[in-house]
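J.: sequence and predicted structure are below.
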Amino acid sequence: MIYITKGLAHVRFVTLLIGNVVKKSTVNYIIADYKSGDLENFTFAGENGTVTPFKSMPKVLLMDIETSPNKMAGWALFNQNFGLEQIEREWFLLSYSAKWLGEEEVIYNDMKGKVDTEDDTQLLQELWNLFDEADIVVGQNHRRFDIKKINARMLMQGITKPYSPIRTEDTLDIAKRKFAFTSNKLGWMTEHLNVEFKKQDHGKFAGFKLWKECMLENDEAWEEMRTYNIFDVLSLEELWLKLRCWDDKGVNFALYTDDTEMRCSCGSTDLEEHGYAYTSLSKFTQYRCKTCGKFSRGRVNHFTKEKRASLLMNVIGK
Ligand SMILES: [Zn+2]
């Protein structure tokens, strides 16, 4: 497996852990505490000082893959239908990049030097291990594309046992459900919403040419693919952290902690009461997370039995 250290600034690293904006002096103080072991909420996950945000928080994997094209034989360009017998070589996994939330490294590997073999087993095994360790996998359109493509290749390549079950969060699904952006593509969203990392445009090899040149084992093209893939995952992380507090269907991180503290679904305990939330028969205390801004509600109904009995309901007509 190839590890690439991105070297995140400490400010960003601590921001990921504890909130939105932190002053540098606070950061140094926290990092010093963390390294001396005084900060109980953080756990070491490696000798290089990488951490998992909060104790027992879920392991969140951000990921992206690129696949090779099918090689097909055809007679014309426009409006063609291809039959299975026209496929000369099936697609396979070309590269992947992944990153654990809260850690610095971006994990990347590709088929450089092995395109002719079409044997992507090594990449698949690495992904299997990452998925097996992850509680939640985050991607852009990965529910429909990446994960199913990976699953298909695993089975085709003889990896028959499934990895342990994962929950998924998909930035494309959040974008479609909660916003009406001009485009829901990762490129558009990261260009307009991200500050630190944006999806990279292809440099020397525009569009399909990058894939074609990688298939021809062009070193420069592989270098560009690596940069492209790594920035996909870094920009995905920044985008997801921005979108998730708007999402009312995300995974509740509080489920993964062993304590009984009241937490926002992002894991933060920094909550303030903010009015009430109502359903047709109930009234609950509403909370705003001071870390991510997301609203949640308590589970204790403030309405008395008498108040509930007095509430009239709509009659549903035909
Ligand atoms: Zn929150």
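T.: Done, it's in. The shown structure was predicted, so the numbers you read here are calculated from the model rather than taken from an experiment.
J.: could you pull out the strands for this structure?
T.: 2-5, 43-44, 51-52, 60-67, 71-72, 87-89, 93-100, 105-110, 136-139, 167-170, 271-279, 282-289, 295-297 (DSSP state E).
J.: what residues sit buried inside the last one?
T.: Of the residues in strand 295-297, 296-297 count as buried by neighbour count, 16 or more other C-beta atoms under 10 Å. C-betas here are computed from N, CA, C, even on glycine.
J.: please name the strands paired to it in the sheet, noting orientation.
T.: Here strand 295-297 has these sheet partners by DSSP bridges: strand 282-289 (antiparallel).
J.: just the CA atoms of the partner strand, as CSV, please.
T.: The C-alpha trace of strand 282-289 is given here as CSV (Å, rounded to 0.1, in the frame of the first residue of the first chain):
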residue,chain,number,x,y,z
SER,A,282,-45.5,15.9,21.0
LYS,A,283,-43.3,18.7,22.1
PHE,A,284,-39.5,18.1,22.6
THR,A,285,-36.6,20.3,23.7
GLN,A,286,-34.6,21.3,20.6
TYR,A,287,-30.8,21.6,20.6
ARG,A,288,-28.3,23.3,18.4
CYS,A,289,-24.8,21.9,18.1
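J.: picking that back up, could I get the strands of the chain as TSV with mean pLDDT and distance to the ion?
T.: Listed next are these as TSV, based on pLDDT from 0 to 100; distance: least, C-beta to the ion, whole Å:
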stretch	mean pLDDT	distance to the ion
strand 2-5	36	28
strand 43-44	34	20
strand 51-52	39	17
strand 60-67	97	14
strand 71-72	90	47
strand 87-89	91	47
strand 93-100	97	19
strand 105-110	95	25
strand 136-139	98	15
strand 167-170	97	14
strand 271-279	97	8
strand 282-289	97	3
strand 295-297	96	8
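J.: quick one: closest of those to Y256.
T.: Closest to Y256 of these, according to C-beta to C-beta: strand 136-139, at 9.0 Å.
J.: pairing partners for the closest one, with directions?
T.: For strand 136-139, pairing defined by DSSP bridges yields strand 60-67 (parallel), strand 167-170 (parallel).
J.: which residues does it contact?
T.: Strand 136-139 is contacted by residues 58-64, 101, 131, 146-147, 166-171, 236-237, 240, 251 when judged by C-beta atoms under 8 Å, 6 or more residues apart in numbering.
J.: so among the residues you listed, which ones count as buried?
T.: 58-64, 101, 131, 146-147, 166, 169-171, 236-237, 240, 251.
J.: what's the spacing between K305 and the ion?
T.: Going from K305 to the ion by C-beta to the ion, to the nearest Å gives 33 Å.
J.: next: F231.
T.: Distance from F231 to the ion, by C-beta to the ion: 26 Å.
J.: quick check: closest non-adjacent residue to that residue.
T.: Q200 (4.2 Å; C-beta to C-beta, 6 or more residues apart in numbering).
J.: nearest to Q80, of the strands paired with strand 136-139?
T.: Between the strands paired with strand 136-139, strand 60-67 lies closest to Q80; by C-beta to C-beta that is 20.2 Å.
J.: taking strand 93-100 as reference, get the angle to that closest one.
T.: Computed by axes from the mean of the first three to the mean of the last three C-alpha atoms, to 10 degrees, the angle separating strand 60-67 from strand 93-100 equals 170 degrees.
J.: got the angle for strand 60-67 vs strand 105-110?
T.: Using the same axes, to 10 degrees: strand 60-67 against strand 105-110 is 20 degrees.
J.: distance to L193 added to the strands of the chain, as JSON lines?
T.: Formatted as JSON lines, those follow (distance: least, C-beta to C-beta, whole Å):
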{"stretch": "strand 2-5", "distance to L193": "24"}
{"stretch": "strand 43-44", "distance to L193": "30"}
{"stretch": "strand 51-52", "distance to L193": "26"}
{"stretch": "strand 60-67", "distance to L193": "16"}
{"stretch": "strand 71-72", "distance to L193": "37"}
{"stretch": "strand 87-89", "distance to L193": "38"}
{"stretch": "strand 93-100", "distance to L193": "18"}
{"stretch": "strand 105-110", "distance to L193": "20"}
{"stretch": "strand 136-139", "distance to L193": "16"}
{"stretch": "strand 167-170", "distance to L193": "16"}
{"stretch": "strand 271-279", "distance to L193": "25"}
{"stretch": "strand 282-289", "distance to L193": "20"}
{"stretch": "strand 295-297", "distance to L193": "21"}
